[in-house]
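Asker: quick one: sequence plus predicted model below, questions after.
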Amino acid sequence: MAKKLTLGKNERLKSRKQIELLFSEGKKFSITPFRIYYLFNESANPPLQFGVGVSNKNIKKAVDRNKIKRRVKETYRLQKNILQQKLKDKKSRLSLFIIYTGKVIPEYREVNVNMNKILDKLCHITGSEN
């Protein structure tokens with residue numbers, strides 16, 4: 001049976017409380033042009049919750065910010081299964097928020113390569129946690 005490549009409602013990080021907790025107590029790292037915040041916690045129901053943001057200071061038009069968010073979500077959706085499986089094996093839960101900090105609209109290929117690097121690093125971090 002093929003893997004489900006979806007980004008369901010329960011996998012999205014939407015709770016203001018969880019997002020504030022993530023930014024205040026979570027750890028972060030950067031892979032240019034992205035800043036990644038993550039927090040291993042017990043409160044998340046699915047093993048992996050994800051959110052994305054783009055600064056309106058750097059990207060002025062809402063159309064362009066939405067385009068970047070769509071590209072980030074799509075690359076994440078297609079590549080998240082490895083990290084998700086690792087979290088299930090460890091019985092761990094992860095909240096993840098990615099912020100785009102660049103000043104130009106990235107090509108899909110660039111976002112795809114960077115997302116691969118981000119998820120590889122998170123897999124490595126997940127392996128060293130606990």
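Answerer: Now that the structure is in, tell me what you want to look at. Numbering: from 1, shown residues only.

Asker: please count neighbours and contacts with C-alpha atoms only from this point.
Answerer: Fine.

Asker: pull the longest helix from this structure.
Answerer: When the chain is parsed with DSSP state H, its longest helix is helix 108-128.

Asker: against K121, how distant is T32?
Answerer: 13 Å (CA to CA, to the nearest Å).

Asker: which strands and helices sit next to the longest helix of the chain?
Answerer: strand 27-31, helix 62-79, helix 81-90 (3 or more CA pairs under 8 Å, 6 or more residues apart in numbering; DSSP states H and E).

Asker: can we see that at 10 Å?
Answerer: When contacts are defined as 3 or more CA pairs under 10 Å, 6 or more residues apart in numbering; DSSP states H and E, helix 108-128 packs onto strand 27-31, strand 34-40, helix 62-79, helix 81-90, strand 94-100.

Asker: before we move on, the earlier item: among T32 and K121, which residue is more densely surrounded?
Answerer: Between T32 and K121, counted using other CA atoms under 10 Å, the more crowded position is K121 (15 against 10).

Asker: how far away is the more buried one from L96?
Answerer: K121 is 13 Å from L96, by CA to CA.
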